[in-house]
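Asks: Let me see the structure of the following:
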Amino acid sequence: MAPTCPESANLRLTLSQSDIAGILGASRPKVNRAILALEESSAIKRVDGVITCHIGRLQKIVEPEEE
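Replies: Coordinates of the predicted model:
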């Protein structure tokens, strides 16, 4: 039997967008735009410092279905 993946995972990050940008070698505005795009696609949701990651939606972004 194959292992199942949870539908979502909650993360509490203490890093700022500037911190994330520095780690990735990106600008803070680009990190902000990427986060907003993930929110708009319902792949993540931010509430009170907790990021809920919707695993299936993130997988579709990373591994889009071939047509």
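
Asks: now the strands for this protein?
Replies: Here the chain has its strands, by DSSP state E, at 8-12, 44-47, 50-54.

Asks: What's the separation between Leu11 and Ile51?
Replies: Distance from Leu11 to Ile51, counting by CB to CB, to the nearest Å: 5 Å. Any C-beta I mention is one placed from the backbone N, CA and C, and that applies to glycine too.

Asks: which one of the two has more residues nearby?
Replies: Shown here are Leu11 and Ile51; by other CB atoms under 10 Å, Ile51 has more neighbours (16 against 11).

Asks: so what's Pro64 scoring on pLDDT?
Replies: You'll see Pro64 listed with a pLDDT of 76.

Asks: need the contact list for it.
Replies: Applying CB atoms under 8 Å, 6 or more residues apart in numbering, we find Pro64 in contact with no residue.

Asks: Could you dump the strands of the chain into CSV with mean pLDDT and distance to Lys30 added?
Replies: Formatted as CSV, the strands of the chain follow (pLDDT from 0 to 100; distance: least, CB to CB, whole Å):
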stretch, mean pLDDT, distance to Lys30
strand 8-12, 95, 20
strand 44-47, 96, 16
strand 50-54, 95, 18
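
Asks: okay, which residue is most central for this protein?
Replies: The centroid of the chain falls nearest to Ile44 when counting by CA atoms, centre = their mean (5.3 Å).

Asks: What is the burial count for the closest residue to that one other than its chain neighbours?
Replies: Distance criterion CB to CB, 6 or more residues apart in numbering; nearest residue to Ile44, sequence neighbours excluded, is Leu38 at 4.5 Å. Residues within reach of Leu38, counting by other CB under 10 Å, total 19.
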